[in-house]
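**Student:** no sequence for this one, just the structure:
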C-alpha cells in the first residue's frame, strides 16, 4: 500500500479534505489522523497527541491498529469516514492485489443499518470532493465501488460472515456495544476473524467507540496499550466528547450528568462504566446446555411449569417456556418465540395449545399489559389462568444464577437462548441496589421466559426432591429421579 498524497497534505488541500475537518474544533482529530498514518507531528500537535494517548511521541510509522475511545457526539464517525476515504481512494494498492482482484474496506457495526451511518459520511466525501468523486464506479445502499479496485462495504459484525477477502483497512464502529466475550458472537471472535484480511495489504484496524463496561476487546486494548508502555504500532486514544468537539453544548452534557452520572460519564466523559458487569459466565452456560437437545416431550405424572413473556406484537417477541424439576435439577423442556409483527390473540391460542400438551392450567407471566393479557388467556386460551409473577425480571435472573453456577440447570441447545443469557448484565444503581437486564438495544425475551419457568420449577421441585430422595434411600434405590427413569423408558 503506497500513499499517493500525505495525510497532512490531504487535510490542508481544498480539493481534498480541507473542508471535511475544517476549523480549530477539529484540531484533535487532525492530529490523530496524521499520527495514525505514521507522519510526523509538529511540537504543538505533539502536545495534543500526548494528552489524547498518554504517549510522549507519535509512532512515526503507520499503525497496525488504532483504538479511538471517545465520547458521543465527538465527530468520531466523521473522522473515521475520512480515514477510510484516504485508504480507499488516496492509496495505491496495486502492489498487493493480484490482477483483477478487488479489495474491500469493510465498515463493521452491530447492524448493517448502523454501519450505514458511517457510509453516509463517506458518500458525502466521495460526492462533494471532486478528486474523489471521479473515482466512484458504482453505489448501492450499503457499498461504494471505486476505480482503485476497492469496495467500501457495510457489514454486520459477525465472525461467521466476515471471513475471507483482502481488506485495505477495517473500520469497527461502536465496538463496545457489540456482544462481549460471554456471548455466542463475541467481539474477540469478530475481530480475530477480520484481522487476517489485512495481512496482505498491511492496512490498519480502526476501532471507534464510546466506552461502555469494563470488559470486551475495547477495555482490553485500553488496559494493554494505552500510554507509553503500549505496543508502538497499536495506538489507543481516549478523550471526553468536548475535548474533540468543543462545539458540543456544555448544557447538554451537564444535563446528562444530572440525569444519570454513570451513563453520562461513559457517553460523554469517555470513561468506562464501573456499574455494569457480566452476569453469568460462558462456562456456566456451556455446562448447563445439553448438546443436541432442542425440546423434550411431556411425560405422564411429571408436573410442568409454564412462564410467558407477553408482547403487544409491534416491537418485542412474545415468548413462552416450560420446565420441570428432576430431584435438585431443573430442566427446560420447551420454548417458543414469535417475533413481531404478530397478533397477540393468535399467539396466545398457539401458546395455550403448547401448555395443554404439558397439562399446564396456570401459566405465570410479568405485569406487562395488565388485565388485557389475563383476559386473552381466559378467552383465547380455553380457560388457562394467567398468574402475574410476584418476582420482577431482575429477581428471576438473580434466583437463576445460583442454580446455574451450582450445575442444577439443564438448558436446551438453542443459540438465541444461550446468547441472550450470556449477554445479561448486572448493574449497580447509585443507591447500591443491583439489577439484571439486557444491554441497550438488545433483547432478552426468550431467556426471560425460560428463566421464569426454571425458577418456578426450582421453587416447587426442591421440597418434592427431598421427599423423593428419602424414599429412594429407604428402599435402596440408586440416586436418580423418577423423571429420569420415566425418560429412559420413554
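**Tutor:** Right, received. Where do you want to start? Note that the coordinates shown come from a computational prediction; the quantities given were computed from them, not determined experimentally. Residues are numbered from 1 along each chain as shown.

**Student:** Cross-check the contact I'm expecting between residue 93 and residue 201.
**Tutor:** Yes. Using C-beta atoms under 8 Å, residue 93 is in contact with residue 201, at 6.1 Å. Where you see a C-beta, it was placed from the backbone N, CA and C, and this is true even at glycine.

**Student:** Could you list the low-confidence segments of the chain?
**Tutor:** 113-115, 179-185, 369-370, 380-382, 429-432, 460-490 (pLDDT under 70).

**Student:** swap the cut-off to 50 and go again
**Tutor:** Within the chain, the segments meeting pLDDT under 50 span 181-182, 461-490.

**Student:** re earlier: any residues in contact with both of residue 93 and residue 201?
**Tutor:** Overlap of the contact sets of residue 93 and residue 201 (by C-beta atoms under 8 Å, 6 or more residues apart in numbering) consists of 1, 103, 168.

**Student:** Now the last one: closest residue in space, sequence neighbours ignored.
**Tutor:** Looking back up the chat, that one is residue 168. In space, not counting the residues next to it along the chain, residue 168 is nearest to residue 203; the distance is 4.5 Å by C-beta to C-beta, 6 or more residues apart in numbering.

**Student:** where exactly do the helices run in the stretch 201-350 of the chain?
**Tutor:** 216-225, 241-244, 250-259, 261-267, 282-288, 344-357 (DSSP state H, counting those that start in this stretch).

**Student:** where along the stretch 351-490 of the chain do the strands fall?
**Tutor:** Along the stretch 351-490 of the chain, the segments classed as strands by DSSP state E, counting those that start in this stretch run 362-365, 385-388, 409-410, 425-428, 434-437.

**Student:** out of those strands, which comes closest to residue 216?
**Tutor:** Of all these, strand 425-428 sits nearest to residue 216, with 11.7 Å by C-beta to C-beta.

**Student:** Which other helices and strands does the closest one contact?
**Tutor:** In terms of contacts (3 or more C-beta pairs under 8 Å, 6 or more residues apart in numbering; DSSP states H and E), strand 425-428 is packed against strand 276-278, strand 434-437.

**Student:** give the contact list for the residue nearest to residue 168.
**Tutor:** Counting by C-beta under 8 Å, 6+ apart, residue 203 makes contact with 1, 87, 167, 168, 169, 170.

**Student:** The first one and residue 244: what is the separation?
**Tutor:** Between residue 1 and residue 244 the distance, using C-beta to C-beta, to the nearest Å, works out to 27 Å.

**Student:** which one of those two has more residues nearby?
**Tutor:** Taking residue 1 and residue 244 together and counting by other C-beta atoms under 10 Å, residue 244 has the greater number of neighbours (27 against 19).

**Student:** I'd assumed residue 72 was in contact with the more buried one.
**Tutor:** No. Between residue 244 and residue 72 there is no contact under C-beta under 8 Å: 10.9 Å.

**Student:** Look up how far residue 86 lies from the residue nearest to residue 168.
**Tutor:** Counting by C-beta to C-beta, the separation of residue 203 from residue 86 is 11 Å.

**Student:** Equivalent analysis for residue 147, please.
**Tutor:** Applying C-beta to C-beta, the value for residue 147 to residue 86 is 16 Å.

**Student:** How far off centre is stretch 208-217?
**Tutor:** 10 Å (C-alpha atoms, centre = their mean, to the nearest Å).

**Student:** Straight-line length of that stretch, end to end?
**Tutor:** End-to-end distance of stretch 208-217 (C-alpha to C-alpha, to the nearest Å): 12 Å.

**Student:** Next, count neighbours for residue 435.
**Tutor:** Burial of residue 435 is recorded as 15 neighbouring residues (other C-beta under 10 Å).

**Student:** Report the beta-bridge partners for it.
**Tutor:** Beta-bridge partners recorded for residue 435 (DSSP bridges): residue 427.

**Student:** Great, nothing more from me.
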